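> Predicted model follows, preceded by the sequence.
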Amino acid sequence: MRLHRPLSDHVRGFRDLHGTNLALWVGLGFFALYIASVCMGAKQMMAVLALTVLVCLATVSLRMTVLSCTVWLLIAGTSPEMWLGDLVPGTSNTITAIVKVVGLGLVGICILRYGLVFDLLNPGIAFALMFVIGLAHGLWPGLTTDDSLRTLIGSAAPFAFSFSRLSRRWCASIIQATMWIPTLIIVFGCLLAAAHLRPLLAADEGGSVRLAGSTHPAFLAVYAMTGAYAALVELYRTGRTRYLMIFGLNALILLATGSRSPLACEVMTAGVAFVALRSRSFTLRKRVLPMLLGLFALPVLLALSATTDSLRLLTMLSGHATNLSGRDVIWPFFEAAWDQSPWFGWGVGTGKEVVDPNSMTAKLLGTTAAHNEYLRIGVEGGYVGLGLLAGFMALWCWWWSRRLASTDKVIMRLVMLGVAIECITDNMLIAAPASILFTWMSAVFARGGFEQQPVTGAAAPDRVLSGQLSRRLPALAVPRLSRS
């Protein structure tokens, strides 16, 4: 029988065989390339320098995969396209693209180290099918193939980690980091505000104040919602008080952002879990106090909303928060575009082209986004694309959650239901917070697979196989994968 070892085994075997000689030859090769580029010109020299930096970063990431992915997740959570875009005007889109490309590079490193997963139900495949259908049908006037391809990459990137086998340490690190991203945003936002680089608070269209940190209040709301979900899953798994405190902290941050849809989804998910979900670790006795605090806080907030509307949260509770995002103004543009091609849409990326960025509508609202993913997907893929994406997302969540612990399974399916609801009023799938949300979901799903393994402490199925082979067939000297 022919044995197929993962690519990471071959990489480690090659590294162990050649060791220092390999590093020496690679270094000499880059030095020779750099000397040649100096003779050719400044552009070639900069390209070689950039390539050298990328190779060095890739090497470090391969050696410290867990740390590299965690640092990327935290940096992406602070929304560098906003605070760094303020320092270097006009670079917001470029920074967004760099963050996603770095994430895809880390996915490739994870695949190289841990192995590939043929995730045939990944929602990214639905976007790829929509891209092909759009090319066959014909793209929206003004939308190029390159623009559509870039949007495809950005749309599929949040789900990319699901194509890689992941280690236990990777999953644990990503889950823990997800809980603390909102707090990091607030702390970093305070530093930016102290340096007079970016305000900590932001005013909405009605003049009410919202908490923003280093990002946008709507983005912070999704980060806080995701952090609360992560803490809720761990709370029901372990019953530890610190996860309850982290859940409460993220809930307070979400309240301070004044975002309605994320708040409603979190209340729905947590409410169902607190009332109806059984857990041996987080018993009913431990739930009484937080439930009472939530019930007593509601009338206090309602009383405050009757006296002032300076805070976005109080404006919502008072009933005065209507049409704060201009959805009734921008939705007709997307409805009209969808009506022109109802079944197949106009290709991935059309959502950015429906409203002219230089039009009075875009300048008045400050955005060209639909704030409704069903409308955007309808414009880009029609009924066929909408059905594909909804089907892939539902099947993806069902397939990977079926092997989770009972509490994890219920909460993760409630989370996906909340995502479906929030897509009605928010840009859930194309905005930067989607990368954090679905990377965390991939980590939870992967951890569930490890818990089904009979061998404790295995980093991946490859490690179990290679360990068994090395014990039974020592002559093969199959290298084991590391725990990270």
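Noted; the coordinates are in hand.
> What ranges in the chain fall below the confidence cut-off?
Along the chain, segments meeting pLDDT under 70 span 1-53, 204-207, 297-326, 454-484.
> Now do the domain split for it, please.
Following automatic domain parsing, one finds the domains of the chain at 1-63, 64-452.
> most packed of those?
The highest mean neighbour count among those, using mean count of other Cβ atoms under 10 Å, belongs to domain 64-452: a mean of 19. The C-beta positions use only the backbone N, C-alpha and C, and glycine is treated the same way.
> centre of the chain versus that domain, how much separation?
From the chain centre to the centre of domain 64-452 is a distance of 7 Å (Cα atoms, centre = their mean, to the nearest Å).
> Report how far apart the opening and closing residues of it are.
Terminal residues of domain 64-452 lie 26 Å apart, using Cα to Cα, to the nearest Å.
> And residue 114, how close does it get to residue 170?
8 Å (Cβ to Cβ, to the nearest Å).
> what's across from the closest residue to residue 201 other than its chain neighbours in the sheet?
Nearest residue to residue 201, sequence neighbours excluded (Cβ to Cβ, 6 or more residues apart in numbering): residue 209, at 5.0 Å. Under DSSP bridges, the beta-bridge partners of residue 209 are residue 203, residue 311.
> So residue 209 is in contact with residue 202, correct?
Yes: counting by Cβ atoms under 8 Å, residue 209 touches residue 202, with 7.4 Å between them.
> what about stretch 143-162, start to end distance?
Note: stretch 143-162 ends 29 Å apart using Cα to Cα.
> Could you number the chain from 36 rather than 1 from now on?
Fine by me, first position is 36 from now on; the one you just mentioned is stretch 178-197.
> re earlier: hey, what's in contact with both of residue 149 and residue 205?
residue 100 (Cβ atoms under 8 Å, 6 or more residues apart in numbering).
> wait, what's in contact with residue 111?
134, 138, 467, 470, 471 are the contacts of residue 111 under Cβ under 8 Å, 6+ apart.
> For the first one, what is the enclosing helix or strand?
Here residue 134, judged by DSSP states H and E, is contained in helix 127-149.
> ok, now the fourth one?
Using DSSP H and E, residue 470 maps to helix 468-486.
> For residue 298, which non-adjacent residue is closest in space?
Per Cβ to Cβ, 6+ apart, closest to residue 298 is residue 289, 5.6 Å.
> I'd guessed the one you found sits against residue 296; true?
No: between residue 289 and residue 296 there is no contact under Cβ under 8 Å: 10.8 Å.
> how close does the residue nearest to residue 236 get to residue 262?
Relative to residue 262, residue 244 is positioned 22 Å away (criterion: Cβ to Cβ).
> Same question for residue 376.
Taking Cβ to Cβ, one finds residue 376 at 39 Å from residue 262.
> swap in residue 364?
Taking Cβ to Cβ, one finds residue 364 at 32 Å from residue 262.
> the inter-axis angle of the strand or helix carrying residue 422 versus helix 468-486?
Using DSSP H and E, residue 422 maps to helix 408-436. Here the directions of helix 408-436 and helix 468-486 differ by 10 degrees (axes from the mean of the first three to the mean of the last three Cα atoms, to 10 degrees).
> next structured bit after helix 408-436?
Per DSSP H and E, the helix or strand that comes after helix 408-436 is helix 441-457.
> elements contacting that following helix?
With contacts defined as 3 or more Cβ pairs under 8 Å, 6 or more residues apart in numbering; DSSP states H and E, helix 441-457 has these neighbours: helix 252-273, helix 295-311, helix 408-436, helix 468-486.
> Show me what the third one packs onto, helices and strands only.
If I follow you right, that is helix 408-436. Right, helix 408-436 is packed against helix 158-172, helix 362-375, helix 441-457, helix 468-486 by 3+ Cβ pairs under 8 Å, 6+ apart.
> Apply 7 Å and report the result again.
Applying 3 or more Cβ pairs under 7 Å, 6 or more residues apart in numbering; DSSP states H and E, one finds that helix 408-436 makes contact with helix 158-172, helix 362-375, helix 441-457.
> Compare these and report which one is nearest to residue 178.
Among these, helix 158-172 comes nearest to residue 178, with 8.6 Å by Cβ to Cβ.
> how big is the angle separating that closest one from helix 408-436?
Going by the same axes, to 10 degrees, helix 158-172 makes 140 degrees with helix 408-436.
> ok so, going back, so which of the contacts of residue 111 comes closest to residue 284?
residue 471 (16.6 Å).
> Centroid-nearest residue for this structure?
Nearest to the centroid of the C-alpha atoms of the chain, with distances taken as Cα atoms, centre = their mean, sits residue 470, at 1.6 Å.
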